[in-house]
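1. could you look at this predicted model? Sequence included:
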Amino acid sequence: FKFHLLWAKIEAQQCLKDDGVITKHECGDDNPDRNTNVCERLPNARRVDFSDDLGIRIGFIREEKGERINDTNVFDFTAYYNEQKSVVRCNELALMFQVLALIFCLTSLATLRSDASKLVLQPLRHMLRIMARYATNPLATNDRAIEDDDTSVDDADDASSHASADQLDQLGNFETEQLITAITKITNLLRKCWGVAGAGIITSNLNKNTNDGKMQVFNPLVPGKIIYALFAFAAIGGFDYQLRNLGTSIMMLINDVASVLHGEVFRWGFGDSGQCNKNLGSAFLMVFKIGDAKDVWDKRDRATEVIFTSVEKFQRSKSNGLSKRRPKQGSANMIDSDKTRSRMAKRERILTNLQLSSLPGIATFTDRAVIGMLKTFAGIHRDETLRKRWRDDIRLTYGVGSFHVEMIFGMNAGWAVEGAVGSDYKIDATYLSPHVNMASRMMSATRQYKVTILFSQAIEELMSDQARAKLRHIDTVTVKGSSVQQRIFTYDARHEGVDFFLFNRPDEQADMDSEMYSANIWNTDQDLRQMRQHISAEFEDEFILGRNAYLAGNWDAAFRHLEKADEIMVETIIESGYLGSSGNGDESDVEDDSQSELGDGPSKALMAYIKREGLRDRGRLVAPKAW
């Protein structure tokens, strides 16, 4: 700075001259900041004098004393400097440095926070959300793409050895990302392997914590619970023949069929109720879960309470004047009495005695489940993979012509115990109930009646009026182990002569059809209409006469009507060109498992039973006396 030096004094200690020299730069004529008072006291100047006279903080004035030697001369010097501008500049620079340091720290912290959130916190939160989601609903699907199920381990290893950097990045660059992927795959395996029956096992175990917050040891053997559901069995016809000829390739055929079946069950199940429980070789068990018994009862009671509460309010409003004259104590007693009876009824209620037909919306629920089975029947004969891969396979077509998959279905409704069966070594999540067994028997009985699908009376009672009109009551039977008679029904479905591939719809449109469901679909859907195009009104009338006569014990008339109905069916099929080859196995399998023979299967089954069990009385067929 230009006027940094305020004052300086130099005194000679040793010099060639006798007197010393005093230099006073600050008081020169060329100094515009000259201060006369200061200059007059130069010999005795102090820092405080400059501070008082110049108005400078004493801290800004620096005093410097020293000794200088120059050849033979020795000088003592004293100097005072004004460092105000330097201090101010240093303070300004220090402030700027502090501001920059603060900005740098905040930026670094934000970067660290972002990295910590991205690489640690968010993945951990994601993992916790996955665990919480599966603890609540183990059947919930995840939002992370997983590897294609059709890719084998060997193929994956071979591909990974030649994968590019971009492909490797998809696996996750960080340990937490790989851990999330691993947890996601594990939860997917749990959902797919255990299904809806294992959901309770997963939930009960994931929600069990000790007092210190630690997870308890996994225990798969937890008590079961009662649920209400529709149960459906589906089986591949001629499976033994296919297994003998395909060998290890049978797995591919089963998976191709399962792809169609599972897709239609999930699509047409109400909400997420449609679930595939297990595969039993050639057979599949599907469950359309209505809900846990306790939850179903509670929801039904709440709905009933809302309905009757609205009715009571309406009745009270109509008789308002009369109700005002009634004693209040009596009204209170009536309410208390109603509540007491309600509590007693709940205590005495047996969970398995619920009438499913009393549940609101059960008709739509059941219709959709049945359509899921019928759409599977159409999809099996429409699926491009099944048609291309197996129709001309020499192992299946040798001597029988082109091959096509035949499937049979059986459905029943009721309660079941949902839970795990097994030990600590191996468990299976399943359903145990006579109603599940009844669904299996319905499926087996399709071979006897030579139909594609059979419904129990419990299913028929839950369906809508439009759906019931399309069903055919084919017999009334007494199931083994029960003395109660029940009617059995079928939906006449025939694939011969029907080109289902012409009615193929993209998955998006099929999903929209499911979401926009209405009972009118039974009259408008092309698949449902075409698969029963061989059924005529004349045939239905004749069969009803024969069936009623058969059930009434008038077997001679029943035989005539049933024989006539069968002839009408044959004529309709031949005249309309609804012919086709079976092509699903050897002759015995074809006879047992398919509907490829001409004529009506139920009519033939009833006539065969009449011939076998009927008595001859004067040339007429009569029912046994115990009938």
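-> Yes, it's here.
2. pLDDT value on residue 260, please?
-> pLDDT for residue 260: 93.
3. what does residue 166 give?
-> Model confidence at residue 166 (pLDDT) stands at 49.
4. kindly report the same for residue 256.
-> 93.
5. confirm it sits in a helix?
-> Yes: under DSSP: H, G, I helix; E, B strand; the rest coil, residue 256 falls within a helix.
6. ranges for the strands of the stretch 151-300 of the chain?
-> For the stretch 151-300 of the chain, strands defined by DSSP state E, counting those that start in this stretch occupy the ranges 225-236, 274-280, 283-292.
7. looking at those strands, spot the one closest to residue 397.
-> Set against residue 397 and scored by C-beta to C-beta, these come closest in strand 225-236, at 16.5 Å. Heads up, the C-betas are built off the backbone N, CA and C, glycines and all.
8. re earlier: out of the strands of the stretch 151-300 of the chain, which is the most enclosed?
-> For the strands of the stretch 151-300 of the chain, the largest average neighbour count (mean count of other C-beta atoms under 10 Å) is found in strand 225-236, namely a mean of 25.
9. quick one: it to strand 274-280, angle?
-> 60 degrees (axes from the mean of the first three to the mean of the last three C-alpha atoms, to 10 degrees).
10. can you tell me which helices and strands strand 225-236 packs against?
-> helix 250-268, strand 283-292, helix 293-318, helix 362-380, strand 407-422, strand 427-432, helix 434-449 (3 or more C-beta pairs under 8 Å, 6 or more residues apart in numbering; DSSP states H and E).
11. residues contacting the closest residue to residue 511 other than its chain neighbours?
-> Distances taken as C-beta to C-beta, 6 or more residues apart in numbering place residue 267 nearest to residue 511, at 6.2 Å, with adjacent residues excluded. For residue 267, the contact set (C-beta atoms under 8 Å, 6 or more residues apart in numbering) comprises 274, 372, 375, 510, 511, 514.
12. doesn't the last one lie inside a helix?
-> In this case it means residue 514. Yes: under three-state DSSP, residue 514 falls within a helix.
13. dump the residue contacts of it.
-> Per C-beta under 8 Å, 6+ apart, neighbours of residue 514: 267, 268, 368.
14. how far away is the first one from residue 405?
-> The one in question is residue 267. 19 Å (C-beta to C-beta, to the nearest Å).
15. how far away is the residue nearest to residue 511 from residue 367?
-> For residue 267, the distance to residue 367 - C-beta to C-beta - is 14 Å.
16. who touches both of these two?
-> Between them, residue 267 and residue 367 share no contacting residue, judged by C-beta under 8 Å, 6+ apart.
17. next secondary structure after the biggest helix by length in the chain?
-> Longest helix of the chain, by residue count under DSSP state H: helix 84-116. Counting by DSSP states H and E, the next helix or strand C-terminal to helix 84-116 is helix 122-136.
18. list the buried residues of that next one.
-> Using 16 or more other C-beta atoms under 10 Å as the test for burial, helix 122-136 gives 123, 126, 127, 130, 133, 134.
19. for that helix, packing partners?
-> helix 175-194, helix 199-206.
20. now do the first one, average pLDDT.
-> When you say that, I think you mean helix 175-194. Helix 175-194 comes out at a mean pLDDT of 72.
21. residues touching residue 290, list them.
-> 227, 228, 229, 230, 273, 296, 356, 359, 362, 365.
22. ok, it to residue 355 distance?
-> Separation of residue 290 from residue 355 (C-beta to C-beta): 12 Å.
23. report how many residues lie close to residue 241.
-> Counted with other C-beta atoms under 10 Å, residues neighbouring residue 241 total 19.
24. does residue 382 count as helix, strand or coil?
-> coil.
25. what residues does the closest residue to it other than its chain neighbours make contact with?
-> The shortest distance from residue 382 to any non-neighbouring residue, by C-beta to C-beta, 6+ apart, is to residue 500 (3.9 Å). Applying C-beta under 8 Å, 6+ apart, one finds that residue 500 lies in contact with 378, 379, 381, 382, 527, 530.
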